[in-house]
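**Student:** Attaching a predicted model along with its sequence, questions to come.
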Amino acid sequence: MSTQFNPVQIYTVTDDYSGTRLDNCLLSKMKGIPRSKIYSIIRKGEVRVNKSRCKPSQKLQIGDEVRIPPYSNEHKATKKAENNLKDKLINSIIFKDKKFIILNKPVGIASHGGSGISLGVIEAFRQIDKSYKEAQLVHRLDKDTSGCLVIALRKSILREFHKEIREGHVDKDYLALVKGSWPKSLNTVEVSLLKDRLKSGEREVQIDPRGKNSISHFEVVKAKKTLSLVKCRIITGRTHQIRVHATHSGHPIVGDIKYGDKNFNKALKADINRMMLHAHEIKFKNMKIEASTKIPDDFTKLMKKYD
């Protein structure tokens, strides 16, 4: 079978994709191209928006002209999701209707494929039912973060969710188990964060005055000498924000391999098998949509052991 080659295209953004991230738009337009390839061609400058270089996270507006470079359809098909993964995701749904789904994402599953990950939540979801074929992530959670994750089933509702996010009408509350006794007086962390992408494709974030401002509010739920359970509301949504803020404050998240305390994690190795960060609640205030989850069982067990 011959390879189908698609020439350069100039796509003018319509209402259907207004407010959509560039990478998500390209995934829809460039059928069969994996997310990792999408990121690569954007980084190389092969994709342009209004003749300018762009980032995967750029939000498109009606009338924007997107240059889609030539590509072939000779790519590996999306990996087929195993039935146990599909069942795990179905059982994690805490709300669904015809427009969107909210699930309590299990730990250890990436939100989407890319950077060496062939299959994430969204790719698996699209295989569960034909009505989920056009599903899109409203936001993301790290692979090792569990909790509330919202998936839009229609472009119209995706635009509404993204409008809420852009205008700051979303509350996101997380629960984290951290090292040591978090002081009640430490209720706000505000620093500049600079994001970098390693050769491996992994993202790494550092505190740097050249970066973007980031703000998190912390509230102590329970503080003990060894561990504290804290609630965190992010005011800005920077990559790895809570993890970096916690470490900067001297109370790294338990089980955080990238930014945490290696010796502390090693001492608790027999009791943990994950990063102890959970997306506890999410609220889209103008849309009057909210969801919450209970404290994960492994959080409760660890707190009891070191009470």
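**Tutor:** Structure received.
**Student:** Break down the chain into its helices, ranges please.
**Tutor:** 22-29, 35-43, 83-91, 121-128, 155-166, 241-248, 262-267, 297-305 (DSSP state H).
**Student:** Check these for me and report the most buried one.
**Tutor:** Burial of these is given as mean neighbour count (mean count of other C-beta atoms under 10 Å); helix 241-248 ranks first at a mean of 23. Every C-beta, even on glycine, is put in place using the N, C-alpha and C of the backbone.
**Student:** Who are the packing partners of it?
**Tutor:** Applying 3 or more C-beta pairs under 8 Å, 6 or more residues apart in numbering; DSSP states H and E, we find helix 241-248 packed against strand 170-179, strand 188-197, strand 203-207, strand 212-223, strand 227-234.
**Student:** a markdown table please, covering the ones you listed and showing mean pLDDT, mean neighbour count and distance to G19.
**Tutor:** A markdown table is the format used below for these (pLDDT from 0 to 100; neighbours: other C-beta atoms under 10 Å; distance: least, C-beta to C-beta, whole Å):
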| stretch | mean pLDDT | mean neighbour count | distance to G19 |
| --- | --- | --- | --- |
| strand 170-179 | 97 | 22 | 14 |
| strand 188-197 | 90 | 15 | 22 |
| strand 203-207 | 88 | 15 | 23 |
| strand 212-223 | 96 | 16 | 20 |
| strand 227-234 | 96 | 20 | 21 |
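**Student:** Can you lay out the helices of the chain as TSV showing mean pLDDT and distance to P7?
**Tutor:** Output for these, formatted as TSV (pLDDT from 0 to 100; distance: least, C-beta to C-beta, whole Å):
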stretch	mean pLDDT	distance to P7
helix 22-29	86	13
helix 35-43	87	15
helix 83-91	88	37
helix 121-128	88	27
helix 155-166	90	26
helix 241-248	97	41
helix 262-267	95	51
helix 297-305	93	52
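**Student:** Using a markdown table, please lay out the ones you listed together with distance to K231.
**Tutor:** Listed next are the helices of the chain as a markdown table, based on distance: least, C-beta to C-beta, whole Å:
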| stretch | distance to K231 |
| --- | --- |
| helix 22-29 | 30 |
| helix 35-43 | 32 |
| helix 83-91 | 26 |
| helix 121-128 | 24 |
| helix 155-166 | 21 |
| helix 241-248 | 11 |
| helix 262-267 | 21 |
| helix 297-305 | 12 |
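**Student:** With respect to L193, which of those lies nearest?
**Tutor:** The closest of the helices of the chain to L193 is helix 241-248. By C-beta to C-beta, the value is 6.2 Å.
**Student:** List every C-alpha atom in that closest one, with coordinates, as PDB.
**Tutor:** Coordinates of the C-alpha atoms in helix 241-248 are reproduced here as PDB (Å, rounded to 0.1, in the frame of the first residue of the first chain):
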ATOM      1  CA  GLN A 241       3.800  24.100  40.500                       C
ATOM      2  CA  ILE A 242       2.700  22.500  43.700                       C
ATOM      3  CA  ARG A 243       5.700  20.100  43.700                       C
ATOM      4  CA  VAL A 244       8.200  22.900  43.300                       C
ATOM      5  CA  HIS A 245       6.400  25.200  45.800                       C
ATOM      6  CA  ALA A 246       6.400  22.400  48.400                       C
ATOM      7  CA  THR A 247      10.100  21.700  48.000                       C
ATOM      8  CA  HIS A 248      10.900  25.400  48.100                       C
END
